[in-house]
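> need coordinates for the following:
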Amino acid sequence: MKFNEVVRLLEENGFRIVKEKGSIRYYGKPECPHLIRVDYHGSKEVPTGTCYAILKSAGIKK
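Residues are numbered from 1 along each chain as shown. Next up, the predicted model:
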């Protein structure tokens, strides 16, 4: 899975960018008590463990 696809999944589930500093983006939504950190690198592949950690913390099942 690529970073673009992870971001698209987050946005489809209601997450929006809360803050951004360089290539690090923080996504959040009102129902989620914590921010989801994504080190955004465009069309590069997300390491498998990182991808699972992002989706798990966001509560997204894939």
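
> what sits up against stretch 6-26?
With C-beta atoms under 8 Å, 6 or more residues apart in numbering as the test, stretch 6-26 has contacts from 27-29, 31-32, 35-41, 46, 51, 54-55, 58, 60, 62. (C-beta placed from N, C-alpha, C; glycine too.)

> please flag which of these sit within helices.
The helices, defined by DSSP state H, take in 51, 54-55, 58 from the contacts of stretch 6-26.

> low-scoring stretches of the protein, by residue?
62 (pLDDT under 70).

> can you give me the strands in it?
Using DSSP state E, the strands found in the chain span residues 16-21, 24-28, 36-39.

> ok, now which ones touch the closest residue to residue 44 other than its chain neighbours?
Closest residue to residue 44 apart from its sequence neighbours, by C-beta to C-beta, 6 or more residues apart in numbering: residue 3 at 6.0 Å. Contacts of residue 3 were listed using C-beta under 8 Å, 6+ apart, and they are 38, 40-44, 46.

> quick check: PyMOL command selecting the buried ones in the residues you listed.
Filtering the contacts of residue 3 down to the buried ones (16 or more other C-beta atoms under 10 Å) takes a single PyMOL command:
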select buried, resi 38+40+46
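
> format the contacts of residue 3 as TSV; extra columns: distance to residue 21.
Output for the contacts of residue 3, formatted as TSV (distance: C-beta to C-beta, whole Å):
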residue	distance to residue 21
38	12
40	11
41	15
42	17
43	21
44	19
46	19
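
> if we can go back for a sec, drop anything exposed from the contacts of stretch 6-26.
Counted by 16+ other C-beta under 10 Å, the contacts of stretch 6-26 give 27-28, 36, 38, 40, 46, 51, 54-55, 58 as buried.

> the nearest residue to residue 59 once chain neighbours are set aside and residue 23: what is the separation?
With sequence-adjacent residues excluded and distances taken as C-beta to C-beta, 6+ apart, residue 59 is closest to residue 32, at 7.2 Å. Plainly put, residue 32 is 22 Å away from residue 23 if you go by C-beta to C-beta, to the nearest Å.
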